[in-house]
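**Student:** Below are the sequence and a predicted model; questions follow.
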Amino acid sequence: MRQTLDALDRRLLAALQKDNLQTADQLAEQVGRSPSAIARRVRRLRASGAIAADVAIISDRAAGQPLSAIVHIQLERHAPQEGDRLRRRLAASPNVQLLLDIAGTFDILLLVVAPDMAAYNAFADANLAEHPAVRRFETSFVKKRVKATLAFPIAGEGE
C-alpha cells in the first residue's frame, strides 16, 4: 500500500535524509511550522513506516577501510527454491550491504564488504562458489567510494 505524503511530509523527509538528528525546532525553522506540529508529524512518519529506520552511517576509516566488492550473480534456472535460500543466506550476512534482484545477464547484485581479500575469498567460498543456486558470479572491487547514500530524491521537495 502506497502512503500519501503531502508537501510538508516530503519537505520533512528531505530534511531528515540530510540529517536525522535535527531537533523539532530546527526542522520547524526550515519548513515554517511550529516545533510541536513538526514533532507530531515526525512521530507519525515513523509510526507509518515512511521513515524506515534511524541509523548512523559510519565512515570507511572508522570501519577500518574495508575492501568493498560489487558481485554479480547468475542463478541456475532449475533451482528456484535454492535461489530463495541463497537470498536469505546473503541477506543475513553482515558482509552484505546491498542485495538487489536485477534484470539482464545477471540476477542478483551485491555490495559486499570484508576486512581484506582473504576475508572476501572466505565469504565467496562459503556463500557463492559451491552454492547450488549459483551458476556463476563475477566480482569487481571498488577502488574509491565517490558517493554512497541511501537517500531518495523527494518529489515536490521544493514546494
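**Tutor:** Cool, the structure landed.

**Student:** mind listing what's buried in the helix or strand encompassing Leu90?
**Tutor:** In this structure, Leu90 is located in helix 80-92 according to DSSP states H and E. Judged by neighbour count (16 or more other CB atoms under 10 Å), helix 80-92 contains these buried residues: 83, 86-87, 90. C-beta here means a position set from N, CA and C on the backbone, and glycine is covered the same way.

**Student:** And stretch 55-70, by the same measure?
**Tutor:** Neighbour-count burial for stretch 55-70 [16+ other CB under 10 Å]: 66, 68-69.

**Student:** sorry, back to before: relative to Lys147, which of the buried residues of helix 80-92 is nearest.
**Tutor:** Leu90 (23.8 Å; CB to CB).

**Student:** hmm, back to that, how far out from the middle of the chain is the helix holding Leu90?
**Tutor:** With CA atoms, centre = their mean, to the nearest Å as the basis, helix 80-92 stands 18 Å off its chain's centre.

**Student:** How about stretch 22-31?
**Tutor:** 26 Å.

**Student:** can you list the residues that contact it?
**Tutor:** Contact partners of stretch 22-31, identified using CB atoms under 8 Å, 6 or more residues apart in numbering, comprise 8, 11-12, 15-16, 34-39, 42.

**Student:** now do 10 Å
**Tutor:** Contacts with stretch 22-31, where a contact means CB atoms under 10 Å, 6 or more residues apart in numbering, come from 7-8, 11-12, 14-16, 18-19, 33-43.

**Student:** How about the contacts made by Arg43?
**Tutor:** Arg43 touches 24, 51, counting by CB under 10 Å, 6+ apart.

**Student:** and what of the one 10 residues further on?
**Tutor:** The neighbours of Ala53, taking CB under 10 Å, 6+ apart as the test, are 20, 46, 150.

**Student:** So it: helix, strand or coil?
**Tutor:** coil (DSSP: H, G, I helix; E, B strand; the rest coil).

**Student:** circling back to that earlier point, quick one, which of the contacts of Ala53 are buried?
**Tutor:** Among these, none counts as buried (16+ other CB under 10 Å).

**Student:** In helices, which of those appear?
**Tutor:** Arg46 (DSSP state H).

**Student:** possible to save the contacts of Ala53 as CSV with pLDDT?
**Tutor:** Shown next, in CSV, are the contacts of Ala53 (pLDDT from 0 to 100):
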residue, pLDDT
Asn20, 93
Arg46, 95
Leu150, 87
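
**Student:** Thanks a lot, see you next time.
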